[in-house]
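would you be able to build a 3D model of this:
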Amino acid sequence: MDSKKLDDRARVTGKTLLHTVSVMSEFGNLAKDVLEQYGIDQIDEDAEYSYELRSLMHHALSTKYGNVALKGLGFQTAEMGAGLYKEIYTKRDKMEKQFVSQDAELNFTALDELMKDWVRVSDEWTRSVMISSLPFSLTLKTSSSGRYTIRTYHANKSYQRPYFEGMAIYGLNSMFGKYWDLELSYNHAESFIDDGFPVEYFTAKFTKHSRLQSTDLLITKQKSKFREALFKNVLKEVDTLSNQVGKYIPPQIHNAILKGQYDTKIATRRKKLTIFFSDIVNFTSTSEGLQPEDLTKYLNEYFSEMTAIALDCGATIDKYIGDAMMVFFGDPESKGEKEDARACVEMALRMQERMEELQEKWRNEGFADPFQVRMGINTGYCNVGNFGSDQRLTYTIIGGEVNVAQRLEASADADGILMSYETYAHAQDMIRVEQRAAIKMKGISREIKVFSVIDTKINRGRRTSNKTKIATRRELSKIDRLEKDSEKFKHEVRGKLADINEKIEKLLEQKR
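Model (predicted):
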């Protein structure tokens, strides 16, 4: 981005900008990212920069961690600049008799005098770091005993208000906290914008303590208050990031990482798993008949519904490959070889049922030829774990048994489920099957016995319906072809029968 687009009516010194970057470094690279956005690689301490750079840094901080982070930053900045007020602290200590006196008039007179000194030094400090021809200032108005109106007109943005509040909270508490309790509030009704810069009013109300307080303890408590609020916001940010990252990795791995129970080293192990593949039959041709928006809608709904079922059954979702889905059971959590296989079969049956419901729903929405899904399941030994490099890892499975599951899926009928005997053996009491021709695969020493699921043996609460199933466009086209073939066959049979009858008549005539 071109730095010329920044507002140059007010500038900050390079030294000030360096200080901001340094203090914000504990929050990561937020400040440096702003500089990089404007093509600034290095800050020259003796140069001047647009005030907006600092404003944008503050905005990045408050956006990511909330206003409490910006208020805490102001508090910390004021604490680091406390040496500028050394003269006033010395003066306050000499006036202690007036502050502890039982004479309220003496108390407020001393408070008025030091408040004016605090505002004067604060205004001088601001002017020293901000260069502008505009009449920026910090002024004070006494409205009643112990109550003050502070007016600020600075080269800031409205969203930077918490920063000033943090500075004021530290400055006034460190100056008067020993004797007075501070209540600082923002006067929204009186504040306004002048030529793009906020003119803001604050009320500082002081109430005398019944006994003297420890300033150090007061400051420490205020820091703890800021840190506690900031920590909550950081946890929210971490939780948000965690949820976002969790969408890219299996939930089981995500949870294990958060609990510190998962090793991210490159390592694998052999384990017996049940592997599941599914994909949409004729996806390319089906998608060509849909508008991109509708395709996205139906595909997202399909994956969302199938994923919900997979997670509910305890599956580890490996990946989505175009319109295909690959999951497995048995790692990182396992209920044992048999139960893992049964859970996978249960998942496939539930997916099959849900697809019937979705197909009906989609037809009612105008999707004439809704998705049909085929599934393949196999149980066998695989290598499972972290594959990749030190820079990037993927948790997945590899091996010949994975290829078997994929081959079974590719061979399944539309809306059908194929499984190997190794899976079927664990779920015989759950399903009715018909055996298909066995297959051989390169790299697999055994002949793979194939079973097609035709029904379930147990009552799984499957919804029944008396509605007549509506044929899909694909099914209608098959019916049309069958009818045409049937008519052709009938015609050929009639012709042959006529020839036979003619020959029989000729033979009979010869015998006569």
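
bridging residues for V450?
Beta-bridge partners for V450, by DSSP bridges, are S420, R436.

just for the chain, where's the confidence low?
For the chain, the stretches flagged by pLDDT under 70 are 1-4, 241-242, 245-247, 249, 254, 257-264, 458-512.

relative to E305, how far out is the residue most central in space within it?
Central residue of the chain (C-alpha atoms, centre = their mean): Q244, 2.3 Å from the mean position. For Q244, the distance to E305 equals 22 Å [C-beta to C-beta, to the nearest Å]. Placement of C-beta: from N, CA and C, glycine included.

repeat for A31
Counting by C-beta to C-beta, the gap from A31 to E305 is 44 Å.

the more surrounded of these two?
Taking other C-beta atoms under 10 Å, A31 and E305 do not tie; A31 has more neighbours (24 against 15).

the more buried one: what's it in contact with?
Residues counted as contacts of A31 (C-beta atoms under 8 Å, 6 or more residues apart in numbering) are T20, V21, M24, S25, M57, A60.

just the buried members of those?
Buried members of the contacts of A31, counted by 16 or more other C-beta atoms under 10 Å: T20, V21, M24, M57, A60.

what about the second one, helix or strand, and which?
Under the criterion DSSP states H and E, the helix or strand holding V21 is helix 14-24.

over to the last one?
With elements taken from DSSP H and E, the one containing A60 is helix 51-65.

I'd like to know how far the nearest residue to F371 once chain neighbours are set aside sits from I321.
Of all residues not flanking F371 in the chain, I280 sits nearest, at 4.8 Å (C-beta to C-beta, 6 or more residues apart in numbering). Separation of I280 from I321 (C-beta to C-beta): 12 Å.

quick one, which of the two is more surrounded?
Ranked by neighbour count (other C-beta under 10 Å), I280 and I321 place I280 first, with 22 against 11.

so who does that one touch?
T286, Y302, D323, A324, F371, Q372, V373.

ok, now T286?
Applying C-beta under 8 Å, 6+ apart, the residues contacting T286 are I280, D369, F371.

please apply the same query to A405.
So A405 contacts I275, F276, F277, G376, I377, N378, S420 (C-beta under 8 Å, 6+ apart).

which of the contacts of A31 sit farthest apart?
Greatest spacing in those, by C-beta to C-beta: S25 and A60 (12.8 Å).

quick one, phi psi at Y201?
Main-chain torsions, Y201, degrees, to the nearest 10: phi -120, psi 140.

neighbours of it, just the number please.
Other residues close to Y201 by other C-beta under 10 Å number 17.

ok, now E434?
E434 has 10 neighbours, counted by other C-beta under 10 Å.

so how far is the helix or strand harbouring it from its chain's centroid?
Using DSSP H and E, E434 falls within strand 431-439. Distance of strand 431-439 from its chain centroid, counting by C-alpha atoms, centre = their mean, to the nearest Å, is 43 Å.

now for it, which elements pack on it?
Strand 431-439 sits against helix 400-411, strand 448-456, with contacts defined as 3 or more C-beta pairs under 8 Å, 6 or more residues apart in numbering; DSSP states H and E.

most neighbours per residue, which of the ones you listed?
helix 400-411 (a mean of 21; mean count of other C-beta atoms under 10 Å).

so what angle separates the directions of that one and strand 431-439?
Here the directions of helix 400-411 and strand 431-439 differ by 100 degrees (axes from the mean of the first three to the mean of the last three C-alpha atoms, to 10 degrees).
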